[in-house]
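J.: The following comprises the amino acid sequence and a computationally predicted model.
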Amino acid sequence: DAKTTQPNSMESNEEEPVHLPCNHSTISGTDYIHWYRQLPSQGPEYVIHGLTSNVNNRMASLAIAEDRKSSTLILHRATLRDAAVYYCILRDALKNNAGNMLTFGGGTRLMVKP
Amino acid sequence: ETGVTQTPRHLVMGMTNKKSLKCEQHLGHNAMYWYKQSAKKPLELMFVYSLEERVENNSVPSRFSPECPNSSHLFLHLHTLQPEDSALYLCASSQDVGGRGLGITQYFGPGTRLTVL
């Protein structure tokens, strides 16, 4: 299964943009890139996902490299409430087997300084 | 309530006790999941139910027993647990498009913090 690599932790200043990187050099052509985040004392929550094109939603933007071997989650203006662990996960949505589940790695712990 | 709820939020039990964790989803989804999150370890998928049938069991010890009586409710029955089973137990749900737990987005509950003495 394709795996992802993320930095263990990152720091950001409040109200500044944050770029969270994810490397997935063994990504297959049908792997979707998903991002979840886990706020303190809460379960993970979905942030965004994409396949090839960059994606935007109300929470964040996802920039996907042309070769798809890396991606970046962009928080345009970090707030203290964005302090969380961010997980980058690959899923092959075309695989029709029970093993195609969300597999969480260690993620990146984002700390936001006021 | 909306979303995915879990009760209790905190549970302390002895190794000889029997207890159950409850999860309820109010999203109309047809797939539900149990995850375990131990300190300093990634989330581990334990069980998956799709259309009330178990489709995945990731080699979980038999002292954990799931039950899915309908698409909105999921239980995790616990008996003779060990201290190393202390963890945050998370429930999630999704709309399964393929009958095999392939929902694009999973919605998580807040978890039950379990401590086994």
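T.: Perfect, thanks for sending it. Numbering: from 1, shown residues only, chains lettered A, B, ... in the order given.

J.: hey, let's count contacts and neighbours off CA atoms from now on
T.: Fine.

J.: how about the helices in chain A?
T.: Counting by DSSP state H, chain A forms no helices at all.

J.: Can you pull the poorly scored residue ranges out of it?
T.: Applying pLDDT under 70 to chain A flags residues A:1-2, A:93-100.

J.: go on, chain B?
T.: Using pLDDT under 70, chain B drops low at B:1-2, B:97-104.

J.: Taking it, what residue is nearest to chain A?
T.: Per Cα to the nearest Cα, B:Pro110 is where chain B lies closest to chain A, at 4.7 Å.

J.: Need the phi and psi values for that residue.
T.: phi -80, psi -10 (degrees, to the nearest 10).

J.: residue closest to the middle of chain B?
T.: With distances taken as Cα atoms, centre = their mean, chain B has B:Trp34 as the residue nearest its mean C-alpha position (2.6 Å).

J.: Could you pull up the residues touching A:His24?
T.: A:Ala2, A:Lys3, A:Thr4, A:Thr5, A:Arg68, A:Lys69, A:Ser70, A:Ser71 (Cα atoms under 8 Å, 6 or more residues apart in numbering or on different chains).

J.: Skipping adjacent residues, who's closest to the last one in space?
T.: Spelled out, it's A:Ser71. A:Ile64 (4.4 Å; Cα to Cα, 6 or more residues apart in numbering or on different chains).

J.: Same question for the third one.
T.: The spatial neighbour of A:Thr4 that comes closest, neighbours along the chain excluded (Cα to Cα, 6+ apart), is A:His24 at 4.7 Å.

J.: and what of the second one?
T.: In this structure, A:Lys3 finds its nearest non-sequential neighbour in A:His24, 6.0 Å apart by Cα to Cα, 6+ apart.

J.: For the one you found, give its distance to chain B.
T.: 18 Å (Cα to the nearest Cα, to the nearest Å).

J.: A:Asn8 contacts A:Arg109, correct?
T.: Yes. A:Asn8 is within contact range of A:Arg109, at 6.2 Å (criterion: Cα atoms under 8 Å).

J.: and the two? which has more neighbours close in?
T.: Taking neighbours as other Cα atoms under 10 Å in any protein chain shown, A:Asn8 and A:Arg109 compare with A:Arg109 leading, 21 against 12.

J.: what bridges to that one?
T.: As for beta bridges, A:Arg109 partners with A:Ser9, A:Val85 under DSSP bridges.

J.: likewise A:Leu73?
T.: A:Leu20, A:Leu62.

J.: so it makes contact with A:Ala63?
T.: Yes. In this structure, A:Leu73 is within contact of A:Ala63 by Cα under 8 Å, at 6.5 Å.

J.: what about these two, which has more around it?
T.: A:Leu73 (25 against 20).

J.: tell me the contacts of that one?
T.: By Cα under 8 Å, 6+ apart, the contact list for A:Leu73 reads A:Val18, A:His19, A:Leu20, A:Pro21, A:Trp35, A:Ala60, A:Ser61, A:Leu62, A:Ala63.
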